[in-house]
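K.L.:
what would the 3D arrangement of this be:
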Amino acid sequence: MNRPLHRLGLRATLATASLILVAQTAWALQPFKVQDIRVEGLQRVEPGTIFASLPLRIGDDYTDEKGSAAIRALFALGLFKDVKLEAQGNVLVVVVEERPTIAEVEFAGIKEFDKDQLAKAMREVGVVEGRAFDKALADRAEQELKRQYINKSLYGAEVVTTVTPIERNRVNLTFTVTEGEPARIKDISVVGNTAFSESTLTNLFDLDTGGWLSWYTKSDRYSRAKLNADLETLRSYYLARGYMDFRIDSTQVAISPDKQSISIIVNITEGPRYAVSGVTLAGNYLDREDEFKSLVTIKPGEPYNADQVSATTKAFTDHFGSFGYAFARVEAVPEVDHENNRVQLELRAEPSRRAYVRRIRVEGNNRTRDEVVRREFRQYEASWYDGDKIKLSRDRVDRLGFFTEVNVETQEVPGSPDQLDLVVHVVEKPTGMIQLGAGFSSAEKLSLSFGIKQENVFGSGNQLGIDVNTGKYNRTVVFSTTDPYFTRDGISRTFDVYYRTQRPYQYQGGDYQLVTAGTSVRFGVPFSEVDTVYFGGGVEQTKIKSGTNIPAAYLAYADQYGSSSLAVPLTIGWSRDDRDSALAPNSGRYQRLSAEVSVAGDARYAKAGYQYQQYVPLTKQFTLAFNGEIGYGKGLGGRPFPVFKNYYSGGLGSVRGFDQGTLGPRDVTGAVLGGTKKLTFNTEFMGPFPGAGNDRTLRWYTFLDVGNVYGDSEPWSLSELRASVGVGISWISPLGPLRLAFGHPVRKFAGDKIQRLQFQIGTSF
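P.N.:
Residues are numbered from 1 along each chain as shown. Just a heads-up that it's a prediction; the model follows:
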């Protein structure tokens, strides 16, 4: 006999309190055995999700307590805005009303952020297409958006969420943002300082009250992370000058009622200044005390310097690491004499145990292949840990130029106290580079050069480049490709194919041309971590195409040796590069020695050159750089040095302030002949650009350039050197390093052509 149809009347709301109230106030039913369970109201949710969450199964006895538990379990899924249970005979009917799902998320009024960046932030708080939507989710999304804007000092940003229902129980979300103006730092104060002026201390901060370049540096926008970094800089400044008891008592950040200006007050206590009375070693130094003592940079009698203490303990740890002791502990224990303001330091060392590297993992290389990073490593898997090799490996990976950050982290292997893993964290950067150059002169007016280089083709580490010069009188097309690991031993191979048309004596006009086409192959053999030897060969043909106003020097060479000259140049060279960066070096040196000899063909000659660069960091902000180049060419086999192989000087890359390639010997018409000998010296003093704070991507520099070229019959003469001084701007732009220079010749001769303003992207010096 069928039972009468009953409704349980169990309804629920989102709040847990309401669920409890419903459970308590629901009328009681006679328990019944559940013979079947039916679900109604589903649109997108699978029935299995319901059945898996219900605490009731077919064959169970239904009670009001189990009914309340079922409702709570279904609401906990977050998929339904209403749930009720009904009984039809012995059939339990679960009636649900699904929440709408998010179909699309849009942003309006966004200027400060990239939309993809905000979409990622929304995904992290659960706002993603296909997810169930409710008001609480929208509130979280609004709060996250406001937090993102607060991090950009946009405290007045307002967010309005628009929910638009569409078919199939879906909604579109639109977040409309009124960004407003960013809050600017109005004042930064340091209270409690007596040893140093407030301006000295605030100049240490990356945060400031703004300047005329604040639109670029954004240094006047408050950020808690930046403030914390500045406070650590302040702390380090005092600790490096003997103030061991220095502390930051409090930091007060106040924002104006209109949310447009911020004031920062830093309260400090300096304490007395301490001097180092002595340094002693304690612990196990592997019977190498003398070696470790030579690494101590702490100087007794001078003020306590936390930087020196940190550098010494790190040097000790690294030195232990070179013997395989990866877990060595070195601690500087101070014994402070407060009465006399002196401190005795004891360096305690415990080498612990030797370890070897089990595995090396590479992380963050979404595009670059693992092998490109691994082949630069000199620390190998299953080998004893060597701190020096790990540092060298990190530097080699960094010098690839493919990454903005390279960090190596050591991780202990659980259960294996003598093993560890190395994790190489890299942050990739775009490795394509566009090179642009321009010059202004009375002859060519505006000349342009253009180049595209991809230094990491398809993540393989190979290089591919095309250079084009579109000058009116000098045009070049060069195609080159380099495989840095042509062999497993690290021998590189470079192919070049080039085509050039030139008019070296361009100022005379005319339609003559010098056309050179050729190809070459070069190999680079690494002899040490910083030394590479290059050798190669090629074939090139140079044609002198006669025309109006062709210089007599070209006609004379063509009459004697023919208008077409074939050369088979063999090249050999050596380079040593230990700069800290190939893109924007701050320390280290670069040397290059090259020679070229044509042993066959119509043109027989030899060329040799040497270049030396040195970068000296004067302080954290200022750098002194030197560059010197010398070149020499000579004809072989009784033939003169080919005129089309002459050196040229003047302009970018040599002596700025003079027109490009116009220095040196001239003929009777005033045309520049170039020379067989070249001499160039450059000096630069670089510092932070005014208004850019400590931003190292934008710097100014002053320069002194000296140089000239000499003919085959002319001696090296210092009295013939040209010189210029000037100022410039160096900017690490998204397209590469840009350098703008304004030069003023201070040593010039009659007939010299001046070119004061020059700029180029993708070059140094």
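K.L.:
centroid residue for this structure?
P.N.:
Against the mean C-alpha coordinate of the chain, by Cα atoms, centre = their mean, the closest residue is residue 404 at 2.6 Å.
K.L.:
output the host helix or strand of residue 708 as PDB, nothing but the C-alphas.
P.N.:
Assigned by DSSP states H and E, residue 708 belongs to strand 698-710. Taking C-alpha atoms only, strand 698-710 is exported to PDB below (Å, rounded to 0.1, in the frame of the first residue of the first chain):
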ATOM      1  CA  LEU A 698      69.000  55.200 -17.000                       C
ATOM      2  CA  ARG A 699      72.400  56.900 -16.500                       C
ATOM      3  CA  TRP A 700      74.300  59.900 -17.700                       C
ATOM      4  CA  TYR A 701      77.900  59.900 -18.700                       C
ATOM      5  CA  THR A 702      80.700  62.200 -19.700                       C
ATOM      6  CA  PHE A 703      83.400  61.200 -22.100                       C
ATOM      7  CA  LEU A 704      86.800  62.000 -23.500                       C
ATOM      8  CA  ASP A 705      87.700  60.500 -26.900                       C
ATOM      9  CA  VAL A 706      91.100  60.600 -28.700                       C
ATOM     10  CA  GLY A 707      92.000  59.000 -32.000                       C
ATOM     11  CA  ASN A 708      93.000  59.100 -35.600                       C
ATOM     12  CA  VAL A 709      94.000  57.000 -38.600                       C
ATOM     13  CA  TYR A 710      97.300  57.200 -40.500                       C
END
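K.L.:
buried set for that strand?
P.N.:
Residues of strand 698-710 classed as buried: 698-701, 703, 705-710 (neighbour count, 16 or more other Cβ atoms under 10 Å). Using the backbone N, CA and C atoms, a C-beta is placed for each residue, glycine as well.
K.L.:
partners of the following helix or strand past that strand, with directions?
P.N.:
Following strand 698-710 in sequence order, the next helix or strand is strand 722-733 (DSSP H and E). Here strand 722-733 is paired, per DSSP bridges, with strand 698-710 (antiparallel), strand 736-747 (antiparallel).
K.L.:
switch the ones you listed over to JSON lines; also include distance to residue 619.
P.N.:
Below are the strands paired with strand 722-733 laid out as JSON lines (distance: least, Cβ to Cβ, whole Å):
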{"stretch": "strand 698-710", "distance to residue 619": "13"}
{"stretch": "strand 736-747", "distance to residue 619": "21"}
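K.L.:
quick one on the thing from earlier: give the rounded mean pLDDT of the host helix or strand of the residue nearest to the centre of the chain.
P.N.:
Following DSSP H and E, the helix or strand that holds residue 404 is strand 403-413. Mean per-residue pLDDT for strand 403-413: 85.
K.L.:
ends of stretch 52-62, what's the gap?
P.N.:
Start to finish, the residues bounding stretch 52-62 are 17 Å apart (Cα to Cα, to the nearest Å).
K.L.:
please identify the helix or strand for residue 73.
P.N.:
helix 64-76.
K.L.:
show me what the nearest residue to residue 277 once chain neighbours are set aside is bridged to.
P.N.:
Of all residues not flanking residue 277 in the chain, residue 342 sits nearest, at 4.4 Å (Cβ to Cβ, 6 or more residues apart in numbering). For residue 342, the beta-bridge partners are residue 275, residue 337 (DSSP bridges).
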